[in-house]
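> What follows is a predicted protein model with its sequence.
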Amino acid sequence: MLLFDLSVLNAVLVLALAAFATVEFRGAAGLRKLSPASARTLGRNQLTLAAAVFTYCLWQLWQAATNPPVVPPTGDPHMDELITGVSKYVAFALYGSLAVLGTLFSGLNAWYYFTRARTVEQFIATTPDWVRTTLRVAA
(Lines give C-alpha, C1' and ligand atoms only; values in the text may rest on other atoms or scores of the structure.)
Protein backbone atom coordinates (compact mmCIF):
# COMPACT_ATOMS: atom_id res chain seq x y z
CA MET A 1 0.00 0.00 0.00
CA LEU A 2 1.38 3.38 -1.01
CA LEU A 3 0.87 5.05 2.37
CA PHE A 4 2.82 2.46 4.31
CA ASP A 5 5.44 1.42 1.77
CA LEU A 6 8.61 3.36 2.52
CA SER A 7 10.31 2.91 -0.85
CA VAL A 8 11.98 5.89 -2.48
CA LEU A 9 9.70 5.69 -5.53
CA ASN A 10 6.58 5.87 -3.39
CA ALA A 11 7.97 8.77 -1.37
CA VAL A 12 8.65 10.65 -4.62
CA LEU A 13 5.11 9.88 -5.84
CA VAL A 14 3.56 11.17 -2.63
CA LEU A 15 5.61 14.37 -2.78
CA ALA A 16 4.72 14.88 -6.45
CA LEU A 17 1.00 14.45 -5.77
CA ALA A 18 1.26 16.89 -2.86
CA ALA A 19 2.94 19.41 -5.18
CA PHE A 20 0.18 18.99 -7.79
CA ALA A 21 -2.47 19.50 -5.11
CA THR A 22 -0.72 22.61 -3.77
CA VAL A 23 -0.63 24.16 -7.24
CA GLU A 24 -4.33 23.31 -7.71
CA PHE A 25 -5.34 25.00 -4.44
CA ARG A 26 -3.25 28.10 -5.16
CA GLY A 27 -4.54 28.25 -8.72
CA ALA A 28 -8.14 27.94 -7.55
CA ALA A 29 -7.59 30.82 -5.10
CA GLY A 30 -6.12 32.93 -7.90
CA LEU A 31 -8.99 32.08 -10.21
CA ARG A 32 -11.48 33.21 -7.58
CA LYS A 33 -9.62 36.54 -7.62
CA LEU A 34 -10.14 36.71 -11.41
CA SER A 35 -6.56 36.01 -12.43
CA PRO A 36 -6.26 34.64 -15.99
CA ALA A 37 -2.68 33.63 -15.19
CA SER A 38 -4.02 31.28 -12.50
CA ALA A 39 -6.20 29.52 -15.07
CA ARG A 40 -3.16 29.00 -17.30
CA THR A 41 -1.18 27.71 -14.32
CA LEU A 42 -3.95 25.23 -13.58
CA GLY A 43 -3.92 24.12 -17.22
CA ARG A 44 -0.16 23.56 -17.18
CA ASN A 45 -0.47 21.72 -13.87
CA GLN A 46 -3.03 19.35 -15.42
CA LEU A 47 -0.77 18.71 -18.42
CA THR A 48 2.12 17.94 -16.09
CA LEU A 49 -0.11 15.65 -14.04
CA ALA A 50 -1.18 13.85 -17.24
CA ALA A 51 2.46 13.32 -18.17
CA ALA A 52 3.26 12.05 -14.67
CA VAL A 53 0.34 9.61 -14.65
CA PHE A 54 1.22 8.35 -18.12
CA THR A 55 4.88 7.89 -17.17
CA TYR A 56 3.95 6.06 -13.97
CA CYS A 57 1.63 3.74 -15.90
CA LEU A 58 4.33 3.00 -18.48
CA TRP A 59 6.72 2.18 -15.65
CA GLN A 60 4.20 -0.17 -14.05
CA LEU A 61 3.44 -1.84 -17.40
CA TRP A 62 7.17 -2.38 -17.95
CA GLN A 63 7.46 -3.81 -14.43
CA ALA A 64 4.55 -6.19 -15.06
CA ALA A 65 6.05 -7.30 -18.38
CA THR A 66 9.58 -7.89 -17.11
CA ASN A 67 9.17 -9.01 -13.50
CA PRO A 68 7.19 -11.98 -12.23
CA PRO A 69 4.36 -11.03 -9.87
CA VAL A 70 4.96 -11.51 -6.18
CA VAL A 71 2.49 -14.29 -5.42
CA PRO A 72 3.05 -16.88 -2.71
CA PRO A 73 3.26 -20.37 -4.20
CA THR A 74 0.16 -22.51 -3.81
CA GLY A 75 1.97 -25.81 -4.15
CA ASP A 76 0.28 -26.58 -7.46
CA PRO A 77 2.49 -25.55 -10.42
CA HIS A 78 -0.49 -25.24 -12.77
CA MET A 79 -2.32 -22.95 -10.36
CA ASP A 80 0.84 -20.88 -9.85
CA GLU A 81 1.19 -20.49 -13.62
CA LEU A 82 -2.47 -19.49 -13.93
CA ILE A 83 -2.20 -16.92 -11.14
CA THR A 84 0.95 -15.47 -12.69
CA GLY A 85 -0.74 -15.14 -16.08
CA VAL A 86 -3.90 -13.59 -14.64
CA SER A 87 -1.83 -11.14 -12.56
CA LYS A 88 -0.08 -9.91 -15.68
CA TYR A 89 -3.38 -9.46 -17.54
CA VAL A 90 -4.85 -7.58 -14.57
CA ALA A 91 -1.78 -5.32 -14.37
CA PHE A 92 -1.92 -4.62 -18.12
CA ALA A 93 -5.66 -3.90 -18.00
CA LEU A 94 -5.39 -1.72 -14.91
CA TYR A 95 -2.35 0.36 -15.87
CA GLY A 96 -3.27 0.48 -19.56
CA SER A 97 -6.73 1.81 -18.71
CA LEU A 98 -5.30 4.24 -16.17
CA ALA A 99 -2.77 5.52 -18.73
CA VAL A 100 -5.49 6.22 -21.27
CA LEU A 101 -8.19 7.53 -18.94
CA GLY A 102 -5.88 9.46 -16.61
CA THR A 103 -4.22 11.20 -19.53
CA LEU A 104 -7.58 11.89 -21.18
CA PHE A 105 -9.21 13.34 -18.04
CA SER A 106 -6.21 15.50 -17.14
CA GLY A 107 -5.96 16.67 -20.75
CA LEU A 108 -9.63 17.65 -20.77
CA ASN A 109 -9.17 19.48 -17.46
CA ALA A 110 -6.21 21.34 -18.95
CA TRP A 111 -8.32 22.34 -21.96
CA TYR A 112 -11.07 23.55 -19.61
CA TYR A 113 -8.64 25.68 -17.58
CA PHE A 114 -7.02 27.18 -20.67
CA THR A 115 -10.47 28.20 -21.99
CA ARG A 116 -11.30 29.69 -18.57
CA ALA A 117 -8.32 32.04 -18.96
CA ARG A 118 -9.95 33.56 -22.05
CA THR A 119 -13.32 33.70 -20.29
CA VAL A 120 -11.80 35.56 -17.31
CA GLU A 121 -10.03 37.98 -19.65
CA GLN A 122 -13.33 38.70 -21.44
CA PHE A 123 -15.10 39.08 -18.10
CA ILE A 124 -12.50 41.57 -16.89
CA ALA A 125 -12.72 43.55 -20.13
CA THR A 126 -16.52 43.83 -20.08
CA THR A 127 -17.33 44.12 -16.36
CA PRO A 128 -17.37 47.38 -14.39
CA ASP A 129 -14.53 47.96 -11.92
CA TRP A 130 -16.80 47.97 -8.90
CA VAL A 131 -18.10 44.48 -9.74
CA ARG A 132 -14.59 43.08 -10.21
CA THR A 133 -13.42 44.71 -6.97
CA THR A 134 -16.39 43.26 -5.09
CA LEU A 135 -15.72 39.78 -6.47
CA ARG A 136 -12.01 39.95 -5.63
CA VAL A 137 -12.72 41.08 -2.07
CA ALA A 138 -15.33 38.34 -1.66
CA ALA A 139 -12.85 35.70 -2.85
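Yep, that arrived. Numbering: from 1, shown residues only.
> remind me which residues of this protein are low pLDDT?
Residue ranges of the chain with pLDDT under 70: 1-6.
> In it, where's the longest helix?
Using DSSP state H to assign secondary structure, the helix with the most residues in the chain is helix 77-126.
> tell me the secondary structure for the residue nearest the centre of the chain?
Note on the chain: the residue nearest the mean C-alpha position is residue 49, at 4.2 Å, using C-alpha atoms, centre = their mean. Taken by DSSP: H, G, I helix; E, B strand; the rest coil, the conformation at residue 49 corresponds to helix.
> Is it correct that residue 27 is in contact with residue 44?
No: with contact defined as C-beta atoms under 8 Å, residue 27 does not count as touching residue 44 (9.3 Å). (Glycine included, C-beta is placed from N, CA and C.)
> Who has more neighbours out of the two?
Using other C-beta atoms under 10 Å, the more surrounded residue of residue 27 and residue 44 is residue 27, with 22 against 15.
> From residue 61, how far out is the more buried one?
31 Å (C-beta to C-beta, to the nearest Å).
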